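Q: structure for this input, please:
(chains A and B)
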Amino acid sequence: MTKQLVLEDVNVNVAVEEEIKPLLKNINLTINKGDFVTIIGTNGAGKSTLFNSITGDLNVSSGSVKLADKEITKYHPEKRARYISRVFQDPKLGTAPRMTVAENLDLASHRGERLTLASRNLKSKKANYKELAEKTGNGLELALDKPTEQLSGGQRQALSLLMATMKLPDLLLLDEHTAALDPKTSAAIMKLTNDIINQKDLTALMITHHLEDALKYGNRLIVLDHGEIVADYAAEEKAKLVTTDLLKYFG
Amino acid sequence: MNLVVSAIGQGLLFGILGIALFLTFRILDFPDMTVEGTFPFGAAVAVSAITHGINPVVATLLATGAGMLAGLVTGLLTTKGKIPVLLAGILVMTCLFSINLKVMGRANLSLLNLPNIFKSKLLASLPQYFDTVVAGMIVIIVVVVLLILFLNTRMGQAFIAAGDNPQMAKSLGINPDNQKILGLVISNGLVGLAGGLIAQSNGYADLNMGIGVIVIGLAAIIIGEVAFGDLSLSQRIVAVVMGSIIYRFIILIVLALGMDTNDLKLISAIILAIVIMVPTFEKKFKLRRTLRNGVVKHD
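A: As a prediction, this is how the structure comes out:
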C-alpha cells in the first residue's frame, strides 16, 4: 500500500480571547492511495478544521502534512489546489454563478496551473464538456451555456463534483457535499460521487452527517470528537457496523 | 448638429471610463473610489507632460501608466494591507488630490497654443467636433478588442472567476487578491487614459475635474444594462460605451430643457439614481418592454 496522505502530530490551536483553544489534538492519520474514507462526528468535533488544515486554509500550530510523499505543510492554499480538490456543502460555493457551465468546467480543467495569456479556446472543447456533463444524468449537458446561478442545487453539486475531479486530484475532499440537497437528489449525487471515485481510483475523504452514507460508502470510517480521532474502522470492521453502533458517538 | 456630434465624441471618451469601472464594479464587484483621483491624475500628467514639450501620444501613455500606478497602490493597500477596498480607494483618491496639485503646480493648467492629440494632422483636418468622435472611436475599438481578447484568455477567465466567487477561485488555485490587484491596475490605467484624453479634448486639466466621474461611469454601465438587457460579457462591454453615449444625450436633452449647467452634477447624480431604480420599478410596472421598444426597436 502506498501512503497518499500522512498527518503527523497535527495540532491546531486558536486564540479565543485570552485563552488558547485546541481544535485538533495530536492527529496522526495515514490514508492509503485509493482509500475512500468517511468521517463523522458531532458539530465542533474538528471535521472541517481537519479539512482546512489539509487544504492550507488554516495553518497547523504544529505537526506536518504530507501528500503523495511531498511535505506540503508550508504550501499556501493556492499551491495545494494543484493537488487537492474540494466540494463544499453549499452548492453556491463550488461554482462561479455568473459564468456558464462550460466556462466553469474549463476553469476547473486548468486547476492549479499557471495563468497564461493563451486563449481558452472554449468552442473546441464543448463537445468534450457535453460528454462529461451527460454522465451526471440530471440534464447538465443541456445547460452548458447557462450561467450556473440558474441551475438547481443538485445540478450545481454535480457540476462541482465534475469540476473537482476532471483534472485528477491527489486527494478529493467532500465536505458534507450532499447535506443541502433533498433526499432523492442527495442519493443521486452520492451515487455519482461513488462512481467517479471508483472509476478514477481517487483517494477521497468525505465528511457526512448521514450515518447510512458513512456506512454504505467507502472502505474506512473515522470518528472525530473534540479534536481527536476516537474511532477508526477498517473495511472489515466497518462492514459489520450498523447505524445504532455509531449513535454512541453522538451522545 | 454640432451638439449631437460633440455629445457622441464625449460619450466615446467617457466610455473608456465606463469600461474601466465595469471591470471593478461589475466583474470584481466593488466600487473603486480611486477613480475620482485617477481621472484628474491622468489629466494632470498628460497636460503637464505636453507643457514640458513631450509628444501628446507619449503624454497620453504616461497618463495611462500613472493611472495604473494609482490602481496598484489601492490594490496593495486592500490586499496586503487589509484595508477595506472602499476606504483604500478613498485614501488613494485623497493622496492624489495633493499629488495632482504638485504635478500641475497650480489648480488649472491650460494647453492653449500647445499641441495635443486632437490637433494631429489627421484629426485637425476633420470638421469641428469630429476629431473627438474619430479619436474616441479608435481608442474605444482598441480598448474593447484588447479587453475582450484578454477576458477570453485563461488569465482573463481566472480574473472573472475571482470576482464571481473568490472561494471557488481559491480552490482552483487562483489567488483572488492578485486578480483584484490586476483588475485595479487595468481599470485605473484606463481611467488615467480617459483623463488624459478628455483633458486634451477640453484643452486644460483641472484639479476638480474628477469630482463626480464615478457617477458618470456607473451611469454609463447601468444605462447600457437597462437599455440592452441580457447580453454576453463581450456585448455588455460594448453596451457600456453605448450607455455612455446615451448618457450624454440625456444630459443634452436636460440642458436643452433649460436646466443650468451649474446643476450638472446634481442632474447626473439624479440620472444615476433613476437608472439604478429602473430594474426595481420595472418589475412592478413592466417598464422594460416600454423602455426597450422606445430606445431600441419595436418588436
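
Q: for residue 120, what are its contacts?
A: Here I'm looking at chain A. Contact partners of A:Arg120, counting by CB atoms under 8 Å, 6 or more residues apart in numbering or on different chains, are A:Asp106, B:Asn152, B:Thr153, B:Arg154, B:Gly156, B:Gln157. (Each C-beta comes from the backbone N, C-alpha and C, glycine too.)

Q: should've been chain B
A: Counted by CB under 8 Å, 6+ apart, B:Ser120 has contacts B:Pro56.

Q: which residue, neighbours along the chain excluded, lies closest to whatever residue of the stretch 101-250 of chain A ends up closest to chain B?
A: Residue nearest to chain B within the stretch 101-250 of chain A: A:Gly112 (3.7 Å; CB to the nearest CB). Distance criterion CB to CB, 6 or more residues apart in numbering or on different chains; nearest residue to A:Gly112, sequence neighbours excluded, is A:Arg82 at 2.9 Å.

Q: kindly report the same for B:Leu21.
A: Once flanking residues are discounted, B:Leu21 sits nearest to B:Gly217: 3.8 Å by CB to CB, 6+ apart.

Q: and the contacts of the helix or strand hosting B:Ala162?
A: Assessed by DSSP states H and E, B:Ala162 sits inside helix B:154-164. Outside helix B:154-164, the residues that touch it by CB under 8 Å, 6+ apart are A:96-99, A:103, A:106-107, A:110, A:113, A:115-120, B:27-29, B:150-151, B:168-169, B:172, B:174-176, B:179-180, B:182-183, B:233.

Q: mark which of the residues you listed are buried, thanks.
A: Among the contacts of helix B:154-164, the ones that count as buried by 16 or more other CB atoms under 10 Å in any protein chain shown are A:96, A:98-99, A:103, A:106-107, A:110, A:115, A:120, B:27-28, B:151, B:168-169, B:172, B:174-176, B:179-180, B:182-183, B:233.

Q: quick revisit: ok, now which ones touch the residue of the stretch 101-250 of chain A closest to chain B?
A: If you count contacts by CB under 8 Å, 6+ apart, then A:Gly112 has A:Glu78, A:Lys79, A:Ala81, A:Arg82, A:Tyr83, A:Lys167, B:Leu172, B:Gly173 around it.

Q: measure how buried the fourth one is and give me the count.
A: Okay, so that is A:Arg82. A total of 18 residues lie near A:Arg82 under the criterion other CB atoms under 10 Å in any protein chain shown.

Q: for B:Thr38, see how far away it is.
A: Relative to B:Thr38, A:Arg82 is positioned 36 Å away (CB to CB, to the nearest Å).

Q: before we move on, back to that, top of the contacts of A:Gly112 by neighbour count?
A: Tallying neighbours with other CB under 10 Å puts B:Leu172 at the head of the contacts of A:Gly112, with 29 neighbours.

Q: okay but it is in contact with A:Arg82, surely?
A: No. Using CB atoms under 8 Å, B:Leu172 is not in contact with A:Arg82, being 9.7 Å away.

Q: what touches both of those two?
A: Residues touching both B:Leu172 and A:Arg82 (CB under 8 Å, 6+ apart) are A:Arg111, A:Gly112.

Q: now the strands for the stretch 51-200 of chain A?
A: Ranges of strands in the stretch 51-200 of chain A, per DSSP state E, counting those that start in this stretch, are A:62-67, A:70-71, A:84-87, A:171-175.

Q: what parts of chain A come near chain B?
A: Within chain A, the positions adjacent to chain B are A:55, A:77-79, A:81-82, A:85-86, A:88, A:92-99, A:103, A:106-108, A:110-113, A:115-120, A:122, A:163 by CB under 8 Å from any CB of the partner chain.

Q: so who does the residue nearest to the spatial centre of chain A touch?
A: In chain A, the centroid-proximal residue (CA atoms, centre = their mean) is A:Leu173; its distance is 1.8 Å. By CB under 8 Å, 6+ apart, A:Leu173 lies in contact with A:Phe51, A:Ile54, A:Thr55, A:Ile84, A:Ser85, A:Arg86, A:Val87, A:Ala204, A:Leu205.

Q: once you drop chain neighbours, what's closest to it?
A: Looking at A:Leu173 with CB to CB, 6+ apart, the closest residue is A:Arg86, at 4.3 Å.

Q: do you know how far the one you found is from A:Pro97?
A: For A:Arg86 relative to A:Pro97 (CB to CB), the value is 18 Å.

Q: just A:Asp90 next, same as before
A: 12 Å.

Q: tell me the confidence at the residue nearest to A:Leu173?
A: Here, the pLDDT recorded for A:Arg86 equals 93.

Q: surely it touches A:Thr165?
A: No. A:Arg86 lies out of contact with A:Thr165 (CB under 8 Å); the separation is 11.0 Å.

Q: residues shared between the contacts of those two?
A: Jointly contacting A:Arg86 and A:Thr165 under the rule CB under 8 Å, 6+ apart are A:Leu172.

Q: who's more crowded, these two?
A: The residue with more neighbours, out of A:Arg86 and A:Thr165, is A:Arg86; 28 against 21, by other CB under 10 Å.

Q: other SSEs contacting the helix or strand harbouring B:Thr64?
A: B:Thr64 is located in helix B:56-79, with elements delineated by DSSP H and E. Helices and strands touching helix B:56-79, by 3 or more CB pairs under 8 Å, 6 or more residues apart in numbering or on different chains; DSSP states H and E, are helix B:35-51, helix B:85-104, helix B:176-202.

Q: alright, I will stop here.
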